[in-house]
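Colleague: Here is a sequence with its predicted model. Questions after.
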Amino acid sequence: MIIMKQEYLELIKKAKDVLQCNTVTVSVNGKSCQRIIPSRDFYVHQWLWDTAGIAMGQVYIDKEAAFNELLSLTTGQWNNGLIPHIIYNPGETRYYPPADLWQTGRFTRDGVKTSGITDPPLIAIAAAYICERVADEQKKRDFITALLPSLIAYHDHLKRYRDPEDCGLLTIVHPWESGTDDSPRFDSILNRIDVNSIPGDIKASVDLNRKDAMHDNAEERPTRVDYYRYIYLIELFKDLDWDYTKILHETPFAVKSISYNSIWERANVALAALLQAYGNQEQAHRYQQWAEQTQKALKDTWSEEHEQFCDIDVTQGRYERITALTNAIFMPLYAGAVQDHQLDLLLERLSNDHEFFTGYPVPSTAISSRFFDKDRYWRGPTWPITNYFIINGLKRYKTRSQEADQLANYFIQKTIEMIKENGFWEYFDPLDEETESDTKGMGFSSFSWTAAILIQLIYFVSD
Ligand code: GLC
């Protein structure tokens with residue numbers, strides 16, 4: 001039995017309240033189902049990787065609800081296997097871009113409205129995580145049996161359309177697919193899209209309808225020009241009929257992202273393990289091989305010159321390393337793709353107070369970077385979700401390096417402290433310096449992910 005400190009019990013109670021408050025009941029294909037939205041204030045639909053993260057926290061509170069949360073993602077799956085990054089809740093209008101902008105209803109069963117791009121593929125990882133924490137064999141088997149066909153179709157879709165060259169690294173075609181929307185690692189690519197060439201009606205629509213920067217927080221959100229480019233890409237893909245063979249050829253944004261692919265590696269290991277336990281052994285072997293191929297390809301993204309892993313810009317035949325110093329460079333730890341001398345260099349960066357060792361680590365962009373902005377979205381603030389991956393990545397190396405283990409433990413404590421002292425915000429000021437503001441929390445409050453990750457971390461240290 002787990003004995004937990006009183007302080008942690010109280011925090012878990014608060015986290016539970018956040019999840020409860022963000023639970024909505026929706027009707028999908030005539031059936032009523034419950035799902036947890038990221039936040040009541042703005043993100044009022046279902047996001048793929050948020051849902052996976054939420055389910056991993058929820059399993060400690062209500063196992064059945066965690067199963068349903070993940071399964072409810074399959075309601076938005078396209079006939080070709082894609083699981084989109086947003087599944088729109090019917091009747092909700094408080095989000096931009098709205099459901100109808102994508103025009104994708106014809107791809108889903110019963111016309112469920114979704115976005116047309118995807119998210120970091122965290123579902124298989126969450127499914128395996130949940131299964132490890134549920135004792136009832138029959139319940140697990142029922143859950144996995146229901147989920148597996150969708151998972152397989154999703155992974156096969158990604159491999160087929162995003163890695164047609166079979167190199168082991170998937171290509172993302174929109175910054176939102178990385179989950180780290182306005183990260184400076186995408187600047188050089190997005191800046192090639194000439195704003196003057198973006199049709200006026202797209203700009204007018206953004207100016208009129210965008211809703212995230214209306215809460216006195218414009219300096220924290222992606223810029224207006226960022227948004228013009230985001231929506232321009234969507235319009236372009238829509239014009240290509242959401243045909244991903246064409247999209248990959250024509251998109252002005254194509255990246256082999258190290259964060260996306262590190263999650264892809266782990267997702268295939270997880271899918272292989274699920275198939276090993278509940279499905280077909282031969283199929284399990286296939287995903288295990290994909291994971292190995294990705295791990296190897298991730299190793300090749302290391303640049304000796306820059307002493308970091310690099311995203312690769314593969315737009316229209318290019319192959320250019322991106323060297324912006326963001327916390328994505330630590331993601332290959334999560335995929336186990338790091339060699340000894342690289343590990344030392346990554347640990348040095350993580351513990352360097354001119355780069356990533358800030359008051360509330362780990363900032364999304366190094367403070368030494370010319371792109372660092374402590375307030376703006378993915379250009380500086382600390383996010384619980386990326387801390388979660390970095391912590392898990394470091395733990396993978398704990399037998400190889402005591403320092404990796406110590407840093408992971410320190411980051412766990414600091415992440416818990418950051419949320420405890422400031423509340424369940426979307427992201428946080430990484431510097432933790434004295435200012436007039438009474439909270440270091442930023443973005444939207446009562447955020448589901450933040451609550452779910454806090455629960456996971458507390459159980460991790462209490463186990
Ligand atoms: C923002 C984040 C993305 C997240 C979504 C919902 O778009 O950048 O990672 O999934 O919000 O929380």
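Modeller: Happy to help now that I have it. Numbering: from 1, shown residues only.
Colleague: Please make it C-alpha for all contacts and neighbour counts, starting now.
Modeller: OK.
Colleague: what about W264, which SS state?
Modeller: helix (DSSP: H, G, I helix; E, B strand; the rest coil).
Colleague: May I have the predicted confidence score for the nearest residue to it once chain neighbours are set aside?
Modeller: Excluding the flanking residues, the one nearest W264 by Cα to Cα, 6 or more residues apart in numbering is P121, at 6.1 Å. pLDDT, P121: 98.
Colleague: Same check on the one 4 residues further on?
Modeller: According to the prediction, I125 has pLDDT 98.
Colleague: Can you give me the neighbour number for it?
Modeller: Using other Cα atoms under 10 Å, I125 has 23 neighbouring residues.
Colleague: pretty sure the residue nearest to W264 is touching A267, no?
Modeller: Yes: with contact defined as Cα atoms under 8 Å, P121 reaches A267; the gap is 6.8 Å.
Colleague: Spell out the residue ranges of the strands in this structure.
Modeller: 23-28, 31-36, 46-47, 86-87, 255-256, 302-303, 308-309, 311-313, 320-322, 427-428, 441-442 (DSSP state E).
Colleague: possible to save those strands as JSON lines with mean neighbour count?
Modeller: As requested, those are arranged in JSON lines below (neighbours: other Cα atoms under 10 Å):
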{"stretch": "strand 23-28", "mean neighbour count": "14"}
{"stretch": "strand 31-36", "mean neighbour count": "16"}
{"stretch": "strand 46-47", "mean neighbour count": "23"}
{"stretch": "strand 86-87", "mean neighbour count": "24"}
{"stretch": "strand 255-256", "mean neighbour count": "26"}
{"stretch": "strand 302-303", "mean neighbour count": "18"}
{"stretch": "strand 308-309", "mean neighbour count": "23"}
{"stretch": "strand 311-313", "mean neighbour count": "23"}
{"stretch": "strand 320-322", "mean neighbour count": "17"}
{"stretch": "strand 427-428", "mean neighbour count": "28"}
{"stretch": "strand 441-442", "mean neighbour count": "22"}
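Colleague: Save the ones you listed as TSV, and put in mean pLDDT and distance to the ligand too.
Modeller: Formatted as TSV, these follow (pLDDT from 0 to 100; distance: least, Cα to the nearest ligand atom, whole Å):
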stretch	mean pLDDT	distance to the ligand
strand 23-28	90	14
strand 31-36	90	11
strand 46-47	98	6
strand 86-87	97	9
strand 255-256	98	17
strand 302-303	98	25
strand 308-309	98	21
strand 311-313	98	17
strand 320-322	98	20
strand 427-428	97	10
strand 441-442	94	13
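Colleague: Tell me which of the ones you listed lies nearest to I412.
Modeller: strand 427-428 (15.0 Å; Cα to Cα).
Colleague: so what does the closest one touch, helix or strand wise?
Modeller: Judged by 3 or more Cα pairs under 8 Å, 6 or more residues apart in numbering; DSSP states H and E, the packing partners of strand 427-428 are strand 441-442.
Colleague: Sheet partners, orientation included, of the strand it packs on?
Modeller: strand 427-428 (antiparallel) (DSSP bridges).
Colleague: just so I know, which of the strands of the chain lies nearest G57?
Modeller: strand 31-36 (11.8 Å).
Colleague: Output the contacting helices and strands for that closest one.
Modeller: strand 23-28, helix 63-71.
Colleague: Name the residues of the top helix by length along the chain that are buried.
Modeller: Ordering each helix of the chain by length in residues (DSSP state H) puts helix 137-162 first. Residues of helix 137-162 classed as buried under the neighbour-count rule (16 or more other Cα atoms under 10 Å) are 140-141, 143-144, 147-148, 150-159, 161-162.
Colleague: hang on, the earlier thing: what about the residue nearest to W264, neighbour count?
Modeller: So P121, with other Cα under 10 Å, has 28 neighbours.
Colleague: Please report how far whichever residue of the chain sits closest to the ligand lies from L48.
Modeller: Relative to the ligand, the nearest point of the chain is G179 (3.6 Å; Cα to the nearest ligand atom). G179 is 10 Å from L48, where distance means Cα to Cα, to the nearest Å.
Colleague: which residue ranges form the helices in the stretch 151-300 of the chain?
Modeller: 187-190, 200-209, 224-239, 244-250, 258-278, 281-299 (DSSP state H, counting those that start in this stretch).
Colleague: With respect to burial, which of the ones you listed scores highest?
Modeller: Of the helices of the stretch 151-300 of the chain, the one with the most neighbours on average (mean count of other Cα atoms under 10 Å) is helix 258-278, at a mean of 24.
Colleague: interface residues of the stretch 51-200 of the chain facing the ligand?
Modeller: By the rule Cα under 6 Å from any ligand atom, the part of the stretch 51-200 of the chain lying against the ligand is G179, T180, D181.
Colleague: Could you export these to JSON lines, including columns for pLDDT and neighbour count?
Modeller: What follows is these, written out as JSON lines (pLDDT from 0 to 100; neighbours: other Cα atoms under 10 Å):
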{"residue": "G179", "pLDDT": "98", "neighbour count": "21"}
{"residue": "T180", "pLDDT": "98", "neighbour count": "21"}
{"residue": "D181", "pLDDT": "97", "neighbour count": "19"}
